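Colleague: A predicted structure for the sequence below; I have some questions about it.
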Amino acid sequence: MNVKDTNNKVLAIIYSDRNKFLLLRTNPKHMKIDEWFVVTGGVKKYESFEDAVKREVEEETKLQILKINPTDISGDYEWPKDSGILKHEKAFVVKVKHANPKITKWEHLDYKWLSKVNFIKNIYWYGKTKENLKKLLKSIK
């Protein structure tokens, strides 16, 4: 059976037990952008959003997950741009054991662990402001 993605997506803001935040540099050959971003991915037909975020974090980083927290941040966007395909994405905050992620070069070219302030400065974020992101990160102690 060939399981396809739904139009649902997940986004994982990953922070470590050392209170550092993970950014991944996207591979423009795969993602069509060259930016510092977070783990994202599609929800399979048989998955919940939480199952999908767990799978995506494990696939893209191989980091040990300690805790997954849903957030109230979600949104709809068109991807690929000008395709007419609407995606619905939910954001999660994922705590992991601090380690060097094992990234796949076809998806991500590099990674960096950053303080909360530098994470906010460096992340590629949708829209004109990062207010939703800042609000979300305030809840992380």
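Modeller: Received the coordinates, thanks.
Colleague: would you map the helices across this structure?
Modeller: Assigned by DSSP state H, the helices in the chain fall at 28-31, 49-61, 116-122, 131-138.
Colleague: distance to residue 16 and mean neighbour count for the ones you listed - can I get that in TSV?
Modeller: From N, CA and C alone the C-beta is placed, and that goes for glycine too. Output for those, formatted as TSV (distance: least, CB to CB, whole Å; neighbours: other CB atoms under 10 Å):
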stretch	distance to residue 16	mean neighbour count
helix 28-31	23	12
helix 49-61	11	19
helix 116-122	11	15
helix 131-138	14	14
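Colleague: nearest to residue 102, out of the ones you listed?
Modeller: In terms of CB to CB, the element of the helices of the chain nearest to residue 102 is helix 49-61, at 6.9 Å.
Colleague: what residues does the helix or strand bottoming out on mean pLDDT in the chain touch?
Modeller: Ranking every helix and strand in the chain by mean pLDDT, DSSP states H and E puts helix 28-31 at the bottom, with a mean of 78. With contact meaning CB atoms under 8 Å, 6 or more residues apart in numbering, helix 28-31 is reached by 34, 106, 107.
Colleague: out of these, who has the most neighbours?
Modeller: residue 107 (16 neighbours; other CB atoms under 10 Å).
Colleague: which intervals of this structure have sub-threshold pLDDT?
Modeller: For the chain, applying pLDDT under 70 flags the ranges 1-6, 31, 80, 127-128, 141.
Colleague: all strands of it, in order?
Modeller: Secondary structure of the chain (DSSP state E): strands at 5-16, 21-26, 36-37, 39-44, 65-78, 86-96, 108-114.
Colleague: in CSV, list those along with distance to residue 135 and mean neighbour count.
Modeller: Shown next, in CSV, are the strands of the chain (distance: least, CB to CB, whole Å; neighbours: other CB under 10 Å):
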stretch, distance to residue 135, mean neighbour count
strand 5-16, 12, 20
strand 21-26, 15, 22
strand 36-37, 19, 18
strand 39-44, 19, 20
strand 65-78, 8, 13
strand 86-96, 11, 20
strand 108-114, 18, 16
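Colleague: export these to JSON lines and tack on distance to residue 122?
Modeller: Formatted as JSON lines, those follow (distance: least, CB to CB, whole Å):
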{"stretch": "strand 5-16", "distance to residue 122": "13"}
{"stretch": "strand 21-26", "distance to residue 122": "6"}
{"stretch": "strand 36-37", "distance to residue 122": "5"}
{"stretch": "strand 39-44", "distance to residue 122": "15"}
{"stretch": "strand 65-78", "distance to residue 122": "19"}
{"stretch": "strand 86-96", "distance to residue 122": "17"}
{"stretch": "strand 108-114", "distance to residue 122": "6"}
